[in-house]
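Engineer: Provide a 3D model corresponding to the input given below.
(one chain, ligands or ions: 3)
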Amino acid sequence: MTNPENNNKEYINDKFQRSALQVAEAQARLKPYAALLTHEEVPLTCSSGRYLAQPVYAPHPFPAFDRSSMDGFAVIAADTSAAGELNTVWLEVVEVIPCGAVASREITRGTAARIMTGAQVPGGADTVIMLEATESRIEDGVTYVGIRRPLEAGKHITPCGLELSTGDPVLPEGKLIGAGDIAVLAALGVPDVPVRRRPKVAVFATGSELLEVDEPLAPGKIRNSNSPMLEALIREAGGEPVRLGAIMDDLELARSRVQMALESYDLVLTTGGVSVGDYDIMGDLVREQTGDMLFNKIAMRPGSVTTAAVRGGTLLLALSGNPGACFVGFQLFARPVIGWMQGAAQPFLPEWTARLGAEYKRVDRFTRFVRARLEIREGVLYAYPAAVDESSVTVTIKDSDCLIIIPPDSGQLSAGDKVTVLKLPGEIRG
Ligand SMILES: Nc1nc2c(c(=O)[nH]1)N[C@H]1C(S)=C(S)[C@@H](COP(=O)(O)OP(=O)(O)OC[C@H]3O[C@@H](n4cnc5c(N)ncnc54)[C@H](O)[C@@H]3O)O[C@H]1N2
Ligand code: MOO
Ligand SMILES: [Mg+2]
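Structural biologist: Ligands and ions are numbered 1, 2, ... in the order given. Below is the predicted model of the structure:
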């Protein structure tokens, strides 16, 4: 264990003199090191939640043929111009066209084809009449369809290319693939989808107080809740978490673990030990090689101690040990890094506008990111700040739909005031 007496005396002054960066500046410092990963092809059904590595253009028109949108008869509109209540026009039904079939002949004046929803409209026909609007009779083995009103051309026909023409852009590179995208890719005949490789993100916690989840509580100890939380957050952001466990507050041990992780994974996340305490080894470790430190203080709360360094080209993001600060630090810094690595078109949490559901009086010299619950009432979005949003608090993380951004100059805010919120992934809990 690190001895407080000889705890990095050379760095002792730096430890307290940290210059705080604005959040956007810190994010910008990370970006050059969040290199785009290679791509791989995955089966279409496995592509949900992955980021598209290449844009998709329509290889053919969609629909690829003129399609009937009703069960009925394909006819020539001009044949029905004289039709009326007292003048039934009778057309000879020359064939039946089920879905998937192609007519064997063209429709000519005086003829019609029975057609099903989704079937290709036969050549010559320019309109479809619904079955219910017709009558039929059979005479000498020949079926006739009777029509009592004039029809417009183009009715109940979905034209070839209505949705897409050949070469139309369909999905941009960087799109997060969802069910609708999968439907389109299937319709366009893309069995294997080029997606970005998922970043492998190593997670380890530091803290001599940490117990595993299945261990009984012991005096002064707590269970390591940040590691499983971070793993879930990494998955949510499209990364592949690699759990490296928890280590004691031992600088030597942390140094070798961090080094090993930096050599083996795309990104390394740690939690704990980044403040100025005697055993805050991650802070010490990053300060050892000041050249590769990107930042160690951010003008935000919680998460002001979030620290980042780059070693051998790989990013180390040392998040706070305080659960609330660890969560917010992940959302603002680790999430975009994991997104950038996958070429995400929208790597940041989306910004929404809401009304404060209750007053917020806390004023800070740093921007606050306040955990809050969202509720929609009469079409208006309200954000209710968590009653306790200290960075050390765990339980309110689970009740949060968003983070309200409270800039330092906002003063005391009243219920109903407009605020910007960062929407967290998932459904609004209501
Ligand atoms: N003198 C000062 N003290 C502190 C400052 C400061 O500026 N001056 N900053 C405070 C702020 S702000 C924060 S945030 C915390 C940051 O603490 P660390 O990142 O160094 O984290 P630890 O000291 O390791 O732990 C803090 C807290 O979190 C608990 N913890 C740690 N790891 C986990 C885990 N994996 N799962 C759940 N809980 C965890 C730990 O037991 C402590 O209670 O520092 C303030 N202090
Ligand atoms: O860095 Mo601490 O999380 O501001 O509370
Ligand atoms: Mg500490």
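
Engineer: contacts only, for the nearest residue to residue 272 once chain neighbours are set aside.
Structural biologist: Excluding its sequence neighbours, the residue lying closest to residue 272 (C-beta to C-beta, 6 or more residues apart in numbering) is residue 321, at 3.1 Å. C-betas here are computed from N, CA, C, even on glycine. By C-beta atoms under 8 Å, 6 or more residues apart in numbering, the contact list for residue 321 reads 205, 206, 207, 226, 271, 272, 273, 274.

Engineer: how about residue 321, secondary structure?
Structural biologist: Look at residue 321: counting by DSSP: H, G, I helix; E, B strand; the rest coil, its state is coil.

Engineer: that one and residue 399, how far apart?
Structural biologist: 21 Å (C-beta to C-beta, to the nearest Å).

Engineer: my guess is residue 153 contacts residue 77. True?
Structural biologist: Yes. Using C-beta atoms under 8 Å, residue 153 is in contact with residue 77, at 4.1 Å.

Engineer: out of those two, which sits in the busier spot?
Structural biologist: residue 77 (16 against 11; other C-beta atoms under 10 Å).

Engineer: show me where the stretch 201-350 of the chain has its strands.
Structural biologist: 210-211, 222-223, 240-247, 267-271, 293-295, 300-301, 307-311, 314-319 (DSSP state E, counting those that start in this stretch).

Engineer: out of these, nearest to residue 99?
Structural biologist: Checking the strands of the stretch 201-350 of the chain against residue 99 by C-beta to C-beta gives strand 240-247 as the closest, at 42.5 Å.

Engineer: pLDDT on the closest one, on average?
Structural biologist: Mean pLDDT, computed over strand 240-247, is 94.

Engineer: what's the answer for stretch 192-200, then?
Structural biologist: 98.

Engineer: adjust the sequence numbering to begin at 292 for everything that follows.
Structural biologist: Will do, 292 is the new start, and the previous item becomes stretch 483-491.

Engineer: for it, which outside residues touch it?
Structural biologist: Counting by C-beta under 8 Å, 6+ apart, 327-335, 338, 341-345, 468, 476, 529-531, 533, 555-558, 629, 632-634 sit against stretch 483-491.

Engineer: for ChimeraX, write a command that selects the buried ones of those residues.
Structural biologist: Per 16 or more other C-beta atoms under 10 Å, the buried members of the contacts of stretch 483-491 correspond to this ChimeraX selection:
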select :328,330,333,335,338,341,342,343,344,468,476,529,530,533,556,557,558,629,632,633,634
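
Engineer: shared neighbours of residue 444 and residue 368, anything?
Structural biologist: Residues touching both residue 444 and residue 368 by C-beta under 8 Å, 6+ apart: 417, 418.

Engineer: right, so the strands of the stretch 492-641 of the chain: which one is the most enclosed?
Structural biologist: strand 558-562 (a mean of 29; mean count of other C-beta atoms under 10 Å).

Engineer: hmm, it in reach of ligand 1?
Structural biologist: Yes. For strand 558-562 and ligand 1, the contact criterion (C-beta under 6 Å from any ligand atom) is met by residue 562.

Engineer: that strand packs against which elements?
Structural biologist: strand 491-497, helix 517-527, helix 542-555, strand 605-610, helix 626-632 (3 or more C-beta pairs under 8 Å, 6 or more residues apart in numbering; DSSP states H and E).
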